[in-house]
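A.B. asks: Predicted model, plus sequence, below.
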Amino acid sequence: MKRFIRDLIAVMVIIGFLAAVCGAAVLILAGDQLADLVQDGLARLTVSARADELNRGVGSDDAPVRFVVNLGDTPRLIARSLLDSGLISDDDLFLSYVRANRLDTELEAGTYFLNRTMSIPQIASVLIDSAASQFPFRILEGWRIEEVADQIDANPVYFDFSGADFLAAVGPGAVVAAGFREFVGLPDGASLEGFLYPDTYQLPAGVTVVQLRDILLQTFLQRVGTQLPHDAQEQGLTLYQIVTLASIVEREALHDDEHVLIASAYRNRLDIGMKLDADPTVQYALNGARGRWWPQITLADYVNISSPYNTYLNTGLPPGPIASPGISAIRAAVYPAESNYLYFRARCDGSGYHDFAVTYDEHLANGC
């Protein structure tokens, strides 16, 4: 009997202890929830009271600022980094905003491009979506590969590599997939000049030089498709030859609607073995020697620039493309206008359009 009483007392003590522990846990949990509610309320009050400050940027400079959120960064650390980067004026206000809107657990690691005109809500909306960490990169029709490299060097905030790194990836002997090389007819040792498709791209933050190159090449393939190369082949031309001609057309024309006429004149010259006499090929042959990639040339350059790219000295197409043509110029090289034109020159009205001629006498008559 005594033993039973002792055991009963022991059980009651244990039950009492567990009840005390559970009660304390409930109080602690309730206390934590209460603290969260208080902090949420304070955050909402702060956001409401400082709405004007919250919804304007810290400045008028819209230049991109590279901002990195590392894996494991806390909201407070992110807020402090934003403050140190000059992107916000008050880290506590940022914390209040993300807490009041329950975004403090949604901030994602990644590389972002922000600017000082952005408000705290705008910044927060970017930082919760790592897929939004993209930046625009534009390649113009008629650019040579060095101009693309120059554009990379002009925007170091976006790129982790230099223009020189890019030239190494796309220059002579560039390593590309065998399928691409075969499809375009790329000669051994040739650069990728002409195949870096001109467009405005939205590139992901942290893009590598190889990824950029492949994006440009893939876009070229998508825009060209398969019918156009097939039709070129039916005409006895490789895609490489077509892009070479198209690159000259692109550099000659200021207006897309003239592509087919300029291409027609050049195709007619090629058909009869007549030199192309294309000024852009002489400019390309100078290779930036005069401080510009496309300098003004002189009459003496036609005979003094010794280069296989000088189409005043050499018959036929140059060894390869001289720039990146758009799809309009590429299509024009395959489907030129039907004409007997052999000559063209810029109109005297400064419009950028050309007058075309069949004979040299007509060509001279079109002079200013």
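C.D. replies: Great, that's in hand. Numbers count the residues shown, from 1 in each chain.

A.B. asks: Spatially central residue in this protein, please.
C.D. replies: F137 (3.2 Å; Cα atoms, centre = their mean).

A.B. asks: So that one versus L203, what's the distance?
C.D. replies: Note on F137: its distance to L203, by Cβ to Cβ, to the nearest Å, is 5 Å. For the C-beta atoms, the positions are set from N, CA and C on the backbone; glycine is no exception.

A.B. asks: same check, this time on D73
C.D. replies: D73 is 24 Å from L203, where distance means Cβ to Cβ.

A.B. asks: Then L245?
C.D. replies: Distance from L245 to L203, by Cβ to Cβ: 30 Å.

A.B. asks: Look at the two and report which has more neighbours.
C.D. replies: L245 (28 against 15; other Cβ atoms under 10 Å).

A.B. asks: Which helix or which strand is home to the more buried one?
C.D. replies: In the assignment (DSSP states H and E), L245 maps to helix 239-252.

A.B. asks: Check which helices and strands that helix is in contact with.
C.D. replies: helix 178-184, helix 227-234, helix 259-271, helix 279-286, helix 327-334 (3 or more Cβ pairs under 8 Å, 6 or more residues apart in numbering; DSSP states H and E).

A.B. asks: nearest to L342, of those helices?
C.D. replies: helix 259-271 (5.6 Å; Cβ to Cβ).

A.B. asks: Give the buried residues for the closest one.
C.D. replies: Within helix 259-271, the residues scored as buried using 16 or more other Cβ atoms under 10 Å are 259-270.

A.B. asks: now stretch 351-365
C.D. replies: Neighbour-count burial for stretch 351-365, counted by 16+ other Cβ under 10 Å, picks out 353-354, 356-357, 363.

A.B. asks: Just the ones in strands from the residues you listed, please.
C.D. replies: If you go by DSSP state E, those have 354, 356-357 in strands.

A.B. asks: Just the terminal-to-terminal distance for stretch 302-321.
C.D. replies: With Cα to Cα, to the nearest Å as the measure, stretch 302-321 spans 19 Å from end to end.

A.B. asks: From here on, call the first residue 32.
C.D. replies: Done: numbering now begins at 32, and the last item shifts to stretch 333-352.

A.B. asks: which parts of it are buried?
C.D. replies: Neighbour-count burial for stretch 333-352 [16+ other Cβ under 10 Å]: 336, 338, 340-345, 348-349, 351-352.

A.B. asks: can you redo the residues you listed as CSV with secondary structure?
C.D. replies: Listed next are these as CSV, based on DSSP: H, G, I helix; E, B strand; the rest coil:
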residue, secondary structure
I336, coil
S338, coil
Y340, coil
N341, coil
T342, coil
Y343, coil
L344, coil
N345, coil
L348, coil
P349, coil
G351, coil
P352, coil
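
A.B. asks: Sort out which one of the residues you listed lies nearest T239 for me.
C.D. replies: For the buried residues of stretch 333-352, the nearest to T239 is P352 (24.4 Å; Cβ to Cβ).

A.B. asks: Can you point out the helix or strand that includes the closest residue to that closest one other than its chain neighbours?
C.D. replies: Of all residues not flanking P352 in the chain, G225 sits nearest, at 2.6 Å (Cβ to Cβ, 6 or more residues apart in numbering). Using DSSP H and E, G225 sits within no helix or strand.

A.B. asks: Who are the contact partners of G225?
C.D. replies: By Cβ atoms under 8 Å, 6 or more residues apart in numbering, the contact list for G225 reads 274-275, 277-278, 351-356.

A.B. asks: Now which of those would you call buried?
C.D. replies: By neighbour count, with 16+ other Cβ under 10 Å, these hold 274-275, 277-278, 351-356 as buried.

A.B. asks: mind putting these in JSON lines, distance to R362 and pLDDT included?
C.D. replies: Formatted as JSON lines, the buried ones among the contacts of G225 follow (distance: Cβ to Cβ, whole Å; pLDDT from 0 to 100):
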{"residue": "V274", "distance to R362": "12", "pLDDT": "98"}
{"residue": "T275", "distance to R362": "15", "pLDDT": "98"}
{"residue": "A277", "distance to R362": "8", "pLDDT": "99"}
{"residue": "S278", "distance to R362": "13", "pLDDT": "99"}
{"residue": "G351", "distance to R362": "20", "pLDDT": "97"}
{"residue": "P352", "distance to R362": "15", "pLDDT": "98"}
{"residue": "I353", "distance to R362": "18", "pLDDT": "98"}
{"residue": "A354", "distance to R362": "16", "pLDDT": "98"}
{"residue": "S355", "distance to R362": "15", "pLDDT": "98"}
{"residue": "P356", "distance to R362": "10", "pLDDT": "98"}
